[in-house]
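Q: Take this sequence and fold it.
(one chain, ligands or ions: 2)
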Amino acid sequence: MRIGLIGGGNIGKFLLQSINIDGLLSGDKIAGIYTRNQQAAAELATEFAVENYSDIQSLIQSNIDLVVEAATIKVVKDYAAAILASGKDLVLTSIGALADEDFYKNIEEICRESGAMIHLPSGAIGGLDVLKAAKSIGELESVSITTRKPPQALPGAPADQEQVMFEGSAAEAIELFPKNINVSIILSLAGLGPEQTGVKIISDPAVSKNSHTIEATGSFGTLSLKVENDPMPNNPKTSYLAALSVLSALKNKNAVIKMG
Ligand SMILES: NC(=O)C1=CN([C@@H]2O[C@H](COP(=O)(O)OP(=O)(O)OC[C@H]3O[C@@H](n4cnc5c(N)ncnc54)[C@H](O)[C@@H]3O)[C@@H](O)[C@H]2O)C=CC1
Ligand SMILES: O=C([O-])CC(=O)C(=O)O
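A: Ligands and ions are numbered 1, 2, ... in the order given. Predicted coordinates:
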């Protein structure tokens, strides 16, 4: 499998290292990269032996089988349709883009026409399997996530005291914190949707990890799950688990035995 990568930040670099240097995806390789900062892209291209494309169309038209997006919600909104229309599968990290129902339906329709597929890694959380099973007969009643991060991981957070930065729906949360709460949107997609999923974001100077506590109720019983994530070394906003989940999604993409 030849992978095209959008974004050369934390997750992008982790994938370049794990796949192209450490060989963690057996024969698969990242073959091409497209990212905003052209100087950084040129350096990554040399370091990890990938082709550097200066525009998205060139990446799409290159000899790749699928695209991994590790950039921003805007990148997904701007480029997903063209990637999927070309018949190439797309793995997303900026899952917040799918909170927009019209956008979701549009790219779903494009997939139906082109045969491409969208893969959504579980990101910095877990428990999605429970929600999917619980809602399969429509008996999932409530879902919420409480995210607690150190102040340097949240825009506008005070350095010296704990503060609730947001409390409301996932739909509002991703508008206000597009780089910090993608987890609430995959949780919504697995469960009750962005309007019905509760979100609380707390800035806490006493913690060094990004923790996510998920609570759900339904006819199945109750779910209570807390993940305490180590941040990526170079970006406190992003949990290491989010990067691992992309690698895992790529590993399992063509599995003949699927779990969950
Ligand atoms: N699903 C989840 O659970 C999680 C999702 N995320 C999201 O994953 C994405 C990637 O995260 P990181 O690697 O930590 O971010 P990062 O900020 O370290 O890297 C983003 C990269 O995207 C590139 N980029 C930005 N705008 C671009 C454009 N218009 N065209 C091409 N490239 C562009 C930047 O140059 C940079 O290389 C972010 O959207 C982040 O919010 C992060 C953590 C968890
Ligand atoms: O990495 C995390 O802990 C969560 C995050 O930034 C996101 O969901 O956007």
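
Q: worst-scoring helix or strand of this protein, pLDDT-wise?
A: The least trusted helix or strand in the chain, going by mean pLDDT, DSSP states H and E, turns out to be strand 235-239, with a mean of 88.

Q: need the contact list for the closest residue to residue 178 other than its chain neighbours.
A: Closest residue to residue 178 apart from its sequence neighbours, by CB to CB, 6 or more residues apart in numbering: residue 73 at 5.1 Å. In short, each C-beta sits where N, CA and C put it, glycine included. Applying CB atoms under 8 Å, 6 or more residues apart in numbering to residue 73 gives the contacts 94, 96-97, 174, 178, 182.

Q: so how far is the least confident helix or strand of the chain from its chain's centroid?
A: 12 Å (CA atoms, centre = their mean, to the nearest Å).

Q: Would you mind pulling the contact partners of that strand?
A: 9-11, 124, 149-150, 152-154, 179-180, 210, 229-232.

Q: go with 6 Å
A: 10, 124, 152-153, 179, 210, 229, 232 (CB atoms under 6 Å, 6 or more residues apart in numbering).

Q: now swap in stretch 18-34 and tell me
A: 1-6, 16, 41, 44, 48, 50-53, 56, 59, 62, 64, 247, 250.

Q: Can you tell me which of the residues you listed end up in helices?
A: Applying DSSP state H to the contacts of stretch 18-34, the entries found in helices are 41, 44, 48, 56, 59, 247, 250.

Q: confidence score at the second one?
A: Which is residue 44. On pLDDT, residue 44 comes in at 97.

Q: Which of the three states applies to the closest residue to it other than its chain neighbours?
A: Excluding the flanking residues, the one nearest residue 44 by CB to CB, 6+ apart is residue 8, at 4.8 Å. With DSSP: H, G, I helix; E, B strand; the rest coil as the basis, residue 8 sits in coil.

Q: Wait, residue 8 touches residue 35, no?
A: Yes - with contact defined as CB atoms under 6 Å, residue 8 reaches residue 35; the gap is 4.1 Å.

Q: Could you tell me which residues touch both of these two?
A: Common neighbours of residue 8 and residue 35 (CB under 6 Å, 6+ apart) are residue 41.

Q: And the helices in the stretch 101-250 of the chain?
A: 101-114, 128-135, 170-176, 182-190, 240-252 (DSSP state H, counting those that start in this stretch).

Q: same for the third one, what does it pack against?
A: It refers to helix 170-176. helix 182-190, strand 197-203 (3 or more CB pairs under 6 Å, 6 or more residues apart in numbering; DSSP states H and E).

Q: Could you check it against ligand 1 for contacts?
A: No - under the criterion of CB under 6 Å from any ligand atom, ligand 1 is not reached by helix 170-176; the shortest gap measures 9.8 Å.

Q: Would you mind listing the buried residues in the helix or strand where residue 76 lies?
A: For residue 76, the element it lies in under DSSP states H and E is helix 73-85. Using 16 or more other CB atoms under 10 Å as the test for burial, helix 73-85 gives 73, 75-77, 79-80, 83-84.

Q: Keep only those of these that are also close to ligand 1.
A: residue 75.

Q: I'd like to know how many residues surround the closest residue to residue 189 other than its chain neighbours.
A: Distance criterion CB to CB, 6+ apart; nearest residue to residue 189, sequence neighbours excluded, is residue 98 at 6.2 Å. By other CB atoms under 10 Å, 25 other residues sit near residue 98.

Q: I'd say residue 98 and residue 107 touch.
A: No - counting by CB under 6 Å, residue 98 stays clear of residue 107, with 8.2 Å between them.

Q: just to revisit the earlier point, for the helix holding residue 76, what does the pLDDT average out to?
A: Mean predicted lDDT for helix 73-85 stands at 98.

Q: Starting from the next helix or strand after that helix, tell me which strands it pairs with and how they run.
A: Moving toward the C-terminus from helix 73-85, the next helix or strand (DSSP H and E) is strand 89-92. Using DSSP bridges, the strands paired with strand 89-92 are strand 66-69 (parallel), strand 118-119 (parallel).
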